[in-house]
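# with the sequence up front, the predicted model follows.
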Amino acid sequence: MADILIDTQAAPSTPAAGKAVIWVDGTTKKLVQTDDTGAHRGILSHNYSTAAQGAIATTEVYLTGSGLLIPSFGLQVGMTAFWYISVVKTAAGVAAPVWTFRVGTAQTTGDTSRLALTAGGIQIATIMDGTLMAAISVRTGGATGVIAGSGGSGPANFGGGGSGASSTFDLTVIGGQYIGLTVTTGTSAAWTVNNVTAYLFG
């Protein structure tokens with residue numbers, strides 16, 4: 001048989017110079033390559049939702065399927081997460097949406113806000129559909145980590161996504177938690193999210 005059976009595990013020790021380790025993370029069950037600098041590489045987490053979510057209006061909503069399970073070793077410098085959101089809006093609402101990246105175990109608005117971004121522009125009061133993309137990258141790792149990125153950017157009718165960086169927080173102790181995305185569309189706005197797909201890359 002051509003099957004390869006690999007036990008899951010915690011992050012291995014950094015291999016010697018010129019070597020790399022291939023292993024499966026015990027938290028995310030994803031295949032990881034660790035190089036001789038101690039960096040962990042691969043598609044480290046994935047989530048999605050194909051169920052319609054809406055109408056999202058006024059209050060903050062945690063997008064179902066946006067929660068990315070963080071690997072056992074936490075987040076490292078250079079890791080990047082992307083969220084692709086298929087959405088349609090009505091002709092109502094001209095507020096600037098707020099996108100918030102939250103970390104925690106609940107995958108709800110009760111998780112800790114680590115980066116909140118207000119769109120640089122306001123929504124346009126016309127019907128529109130499209131795909132918005134949000135992204136964050138780990139700028140600084142370790143116990144005083146920083147993430148930076150942008151909210152749901154796409155067609156101008158949605159108001160843009162904003163950009164910025166977080167305050168410092170410990171990226172080494174959040175393995176097994178989720179980093180997910182919320183949106184506050186603002187007064188009178190009415191959105192329906194038809195699909196969310198999210199990836200964490202090393």
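Perfect, thanks for sending it. Residues are numbered from 1 along each chain as shown.
# quick one, what contacts residue 177?
69-70, 103-105, 111 (Cβ atoms under 8 Å, 6 or more residues apart in numbering). Yep, even glycine has a C-beta here, placed from its N, CA and C like the rest.
# strands along the protein, start to end?
8-9, 21-25, 31-34, 40-41, 43-49, 53-62, 68-69, 80-89, 98-104, 112-118, 128-140, 146-153, 163-165, 178-201 (DSSP state E).
# export these to CSV and tack on mean pLDDT, distance to residue 172 and mean neighbour count?
Conversion of these to CSV gives the following (pLDDT from 0 to 100; distance: least, Cβ to Cβ, whole Å; neighbours: other Cβ atoms under 10 Å):
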stretch, mean pLDDT, distance to residue 172, mean neighbour count
strand 8-9, 97, 18, 12
strand 21-25, 98, 15, 16
strand 31-34, 98, 16, 18
strand 40-41, 97, 13, 20
strand 43-49, 98, 15, 18
strand 53-62, 86, 25, 17
strand 68-69, 98, 16, 24
strand 80-89, 97, 17, 21
strand 98-104, 97, 13, 22
strand 112-118, 98, 14, 18
strand 128-140, 97, 12, 18
strand 146-153, 96, 13, 22
strand 163-165, 97, 19, 15
strand 178-201, 95, 14, 21
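# right, so of the ones you listed, which gets closest to residue 171?
strand 128-140 (6.8 Å; Cβ to Cβ).
# before we move on, the earlier item: what is the most widely separated pair among the contacts of residue 177?
So, the contacts of residue 177 by Cβ to Cβ: farthest apart are 69 and 111, at 12.9 Å.
# anything in contact with each of these two?
177-178.
# in CSV, list the strands of the chain along with distance to residue 15.
Below are the strands of the chain laid out as CSV (distance: least, Cβ to Cβ, whole Å):
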stretch, distance to residue 15
strand 8-9, 14
strand 21-25, 5
strand 31-34, 7
strand 40-41, 12
strand 43-49, 18
strand 53-62, 38
strand 68-69, 25
strand 80-89, 23
strand 98-104, 29
strand 112-118, 31
strand 128-140, 22
strand 146-153, 27
strand 163-165, 32
strand 178-201, 21
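# pretty sure residue 117 contacts residue 100?
Yes - Residue 117 is within contact range of residue 100, at 7.5 Å (criterion: Cβ atoms under 8 Å).
# just list the residues touching the nearest residue to residue 88 once chain neighbours are set aside, thanks.
Among residues not flanking residue 88 along the chain, residue 129 sits closest, at 3.9 Å (Cβ to Cβ, 6 or more residues apart in numbering). For residue 129, the contact set (Cβ under 8 Å, 6+ apart) comprises 86-89.
# now, which of those residues sits nearest residue 194?
Nearest member of the contacts of residue 129 to residue 194, counting by Cβ to Cβ, is residue 86, at 4.6 Å.
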